[in-house]
Each structure stands twice: as structure tokens, then as C-alpha cells.
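I need the structure of the sequence given here:
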Amino acid sequence: MDEKINLLVVDDSEINRLTVGKIVEAPDCNIVFAESGEEAVEKSTEMEYALILMDVRMPGMDGFEAVEKIRENPATAEIPVIFVTAIHKTDHDVFKGYDAGAIDYIFKPVSSHILRAKTKQFIDIYKQKKAVEEVAEDLRVTVMELKKANARILDHQKTVIEEDRLKTLLQIAGAAAYELNEPLADTMGLIYMMKMAVEEGNIEQTKEHLELLEGTALNVSDIVKNMQYVRRYETKTYANKYTYINFDQKANVLLGIESLDNLEKIRELLEADGRVNVFEVPRIVDMLEEVRTGQYSIVFIEYGQAGEDVVRFLKALKEAELGVHVIGVTEKEEEIAFSQMVQAGVIDYFPMENLDEKLMARVIGSTLEKARLQGELDEARKKLHLMSMMDDVTGLHNRQFLVEALDREVARALRFKADLLLCDIDIDHLKVVNDNLGIGAGDLVLAEIGKMLKDSIRESDHICRFTGDDISIIMTDTTPEKAIHAINRFREKISEQKFEYNSTPFQVTISIGIASLLKSGAKTSDELIKMAEKALEKAKIKRNAAELY
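As a prediction, this is how the structure comes out:
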């Protein structure tokens, strides 16, 4: 995001405005000032703000009234507001501020550490929101381009290619299937190897494969456990048309609180809130191992006598990139402890002396909101990545997918000492078809052959468009003899297939090169590709033939 992020600082005192502005200034921020509530309401509509820092007591329209006006305008209703005020913490006006629509309070004299850290949190949320919007726009553009490509295909052939293509997209869009693909392929490979070992009467090799199969089964079990824990960050709309996080859902929270009194108080507030499931770990040294299970959304950690252990835990958690959001707790308001925890990676912080139901509700709400935004961003990126691996014309995977999948399959085959077949299919004289009938005729042939391959080849095999008129198939858990038989049957089917373009009937043939990992002695995916290309060159000389390397 190249544009600067706007922050609005509102205070009738010029000294206070400049002081707050100096504390929160950053290279990527544009600080806008207003000296009254009226001016704040007016300026809130002039540009988009990540955060408003609002003084409460101002002549004329005070901060409460200004925030109410800002909330009444649909264009500005979602802007977060933090009151920066000198009123006493126990004053009834604090609750009046929350009712008006404030997100948080910071009390004067302002702590630069706290103000800077809290401002940064909302800037981060704003950046994530913008990133999600940008990715969503990229997805929208990509979808529009895909729709145009689909329309061209439908014009060329009057078949149900689009329906099959969409089914394929939906299949690969499933993250669970994507994650399970590799361990399930391992399982199928091991079962195949065990069958061969049993047939040969090799008991030792059977035991070895059985041990490997047990490890693969545990891997599948771990993935299924993660699938069962679904983080749902749904929203619901209230009568005022504002959208809020739907807290009827529950998230798992892990407590690493040293003080028994503090532990009891936090647990009681969380359980009374009813939005989370609460779990505890008695010792900080055990926290990281527990968090690695992947079942927690939020972690509470107390900076007490074991302060150094807490910092070490936070740094280790940050390095592990587990996507867990950490909230720091101290007995009293301690700037040094707060500063260390923020630098180590906590998303929010509070001293126990300020903790009550409202504060706990705010902390949980803002943390889940940030987690939801991050989840949307990750999901959008994953969808873009999956869509980037599809070929528009054929509805098959593209070259990028083939390279990644082949690397995985070759590594697995070498590990299990199993065979792997790479089939390289070339459409004979497709250039002649394009020259005589037009490129549309060539696209029609490619699309139809792609559809026929998907109908003919096992679901466990990977079919990809490698180059212009070259389609590749990665075949696992089979033998060269079975592969040759299946591919020759398909080759004969293509030679009998009748195509028609612009009322002109025509036919094509294909040549196929097949490389066996074991037979060729290849050790890498690049070597296997070269072997398949050599076999294809021999087949193309004969035309409408298949050759094994």
C-alpha cells in the first residue's frame, strides 16, 4: 500500500495536538489536526482515516458529541476512535464514552509507549483491511478474465466444458483436500509397495513399509484434527445496520497466568463472557509445545517474576509463525514490561488493576477481529495461488503446478523406492490445424482432449498443460506396462474422435513419450522431464505412436 495512512488528532490545545502528533508520527502516516469537535466531524468526511485520537473536553461540541456525529454518518461510522483525555479513570464519563462509540481510552499525561503501541495496532488492522480489499479486487479481475476465457471456449465448442472446469476449480480450492493430497498419495504408494512385498514373500520389507504407513496415518490424523477445529469469524447485522463479529461462535483461549488470583479473575471473566473455551498451562516453559497443537486462537501470558521466560516464549512463538494472537498481562501498569512484551509480539496488553468486564470484552473483541482480517487475507492469497495454477483453455493444471507436483512426487518415489511415470502428449501437426482453420480450432482440440483425459485418467494422476500443444500426466502407483496400455488405449480413442469447427469436420492424432523413474534412472524432476521429451521425439517420428524411455 503506497498511499500514506491518515490519522486524525483532535484537541482544542495546540500543545496537546502537537505532542500527540509527534508521538504517533511515522514515515507511512499522514497526521491531520482538528481543534474542535465541529472541525473533527467535518474533516472526518474529507478523507479515509485509520484512527481518530479524540480529546473529550473541548469548548462547543465536546468529544462525546463529535463521536456520536461521526457514528451517525455511514461513510465514517466504522472509523475507530480512541479518547485521549484527562478525566479520572473511575469517572462515569468513561462509560459514556464507550456508549458514544469509542474503542478505547488513553489517559493524560499520555504514556508515549502505550499511545504509540495502541495506534500501531489500529494502523496494522487498517493495513490488513486494505490488503484484503486489494486481494479481493485482484480476485474480481481474475474472475472476470476467467469468465471471458470461458465464453470463448463455449463459442468454440457447445459442450459442457465450463461445468467440468468449474468443478475442477472447486475441487482444488478445498484447502483440506489440498493438504490431504500428499499424505494420502503416500498411503496409496505404501499400500502398493506392501502388496508387492507380500507377493514376493519379503516379510522384512513389509514390516518396513508398515512402519512408514503408520507414520503417514498419524500425519493424516493431525491434518483431520486441524480440520475439525474451524475458526469461524462470522458477522451479523443489528437493527442499526452496523456489522459486528458474531460472538455466538467460540474460540479456544490458552491461559499462561502465574498468579493464582489473576488466573482465577481472568478465567471467571472469560467464562462469564461465554464466547470462548478456556484452557490453562501451569508452567510457561510448557506453553510453546501446547500452542503448537494449533487449537488456540488467543493466548494470555503474564509478565511477572518469570518475565525473562515470557519474553523468550514470545520470541519463540513469533519465529514459529503459528498465527496465534497473544495478550500480555501485568499486575500493575508497568511501561518497561509493556514495552518488552510489545516488541516481542503481544497484540494487546492490560494491567490487572484495570481489568473488568468491559475491558475484557473489548480485548477479546478486537483480538478476534484482527484474527478474522488476517484469516480473510490468507484465504484470499491461497485462492489467488490456486487460480494461478490453472490453464484457461483446457481447464487443466498449468506448467507451474506440474513443476511443483512433480518435485513432490519424484521425492516421494525415491524415498519409497517406487516407480513414477511421466507421460508427455503432443498433438500431431496442431499448427496445421491452426493455420487452416484458425487458432480457435486448436483451442477446441486442446479443450476437448483435456476433458477426455480427465474422464479417462485416474483421479490420483495429475494432468497439466505443459506448453502450447503439450499435455503432461504424472502417473503414480502403477507400472510402465500398465501405463503404456492405458495411454495407447487413449491414443486410439483420440485418433477415432471427430472434431468440428465452423461446420468443418476434422481429426487429429497424438504422439506420446513416457519416462519411467526407475527404468530411466532419473534422480530429479528435471531429468525425468528430459527423458519424457526424448521418448516423445521418438514417438513423433513415427506419429500417432507411444514410446517408453
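
so where's the stretch 401-549 of the chain shaky on pLDDT?
Using pLDDT under 70 as the threshold, the predicted model of the stretch 401-549 of the chain has no low-confidence range.

mind listing the helices in it by residue range?
430-437, 439-456, 480-496, 517-520, 525-542 (DSSP state H, counting those that start in this stretch).

looking at those, which is closest to residue 406?
Comparing the helices of the stretch 401-549 of the chain against residue 406 with CB to CB, the closest turns out to be helix 525-542 (4.2 Å). In this view, the C-beta of every residue, glycine as well, is placed from N, C-alpha and C.

For the closest one, what is the distance to the chain centroid?
Shown here is helix 525-542, whose average C-alpha point lies 37 Å from the average C-alpha point of the whole chain (CA atoms, centre = their mean, to the nearest Å).

So residue 254: helix, strand or coil?
strand (DSSP: H, G, I helix; E, B strand; the rest coil).

surely it meets residue 293?
No: Residue 254 is not in contact with residue 293 according to CB atoms under 8 Å; the separation is 9.5 Å.

more neighbours, those two?
Higher neighbour count among residue 254 and residue 293: residue 254, with 22 against 14, using other CB atoms under 10 Å.

Against residue 463, how distant is the more buried one?
In this structure, residue 254 and residue 463 are 44 Å apart, going by CB to CB, to the nearest Å.

in what helix or strand does residue 125 lie?
helix 112-157 (DSSP states H and E).

what does the average pLDDT come to for that helix?
In this model, helix 112-157 carries a mean pLDDT of 74.

just stretch 74-91 next, same as before
For stretch 74-91, the mean confidence score works out to 77.

which other residues reach that stretch?
11, 16, 20, 44-45, 49-57, 63, 67, 70-71, 93-94, 97, 101-108, 110, 115, 118-119, 122, 125, 241-242, 354 (CB atoms under 8 Å, 6 or more residues apart in numbering).

one more time with 6 Å
In this structure, residues lying in contact with stretch 74-91 by CB atoms under 6 Å, 6 or more residues apart in numbering are 44, 49, 51-56, 67, 70-71, 93, 97, 102-106, 108, 122.

I'd like to know which of those are buried.
Under a neighbour-count criterion of 16 or more other CB atoms under 10 Å, the subset of those counted as buried comprises 44, 49, 51-56, 67, 70-71, 93, 97, 102-106, 122.

taking the residues you listed one by one, which sit in strands?
Using DSSP state E, the members of these that fall within strands are 49, 51-54, 104-106.

Most widely separated two among these?
Farthest-apart pair in those is 49 and 105; separation 18.6 Å (CB to CB).

show me the contacts for the spatially closest residue to residue 407 that is not a sequence neighbour.
Computed as CB to CB, 6 or more residues apart in numbering, the closest residue to residue 407 that is not its neighbour in sequence is residue 525, at 5.0 Å. Residue 525 makes contact with 406-407, 410 under the criterion CB under 6 Å, 6+ apart.

Okay, residue 525 and residue 517: tell me how far apart.
According to CB to CB, residue 525 stands 10 Å off from residue 517.

Got the phi and psi for residue 44?
With angles defined as degrees, to the nearest 10, residue 44 shows backbone torsions of phi -60, psi -20.

Name the nearest residue to it, sequence neighbours excluded.
The shortest distance from residue 44 to any residue that is not its chain neighbour, by CB to CB, 6+ apart, is 4.6 Å, and that residue is residue 76.
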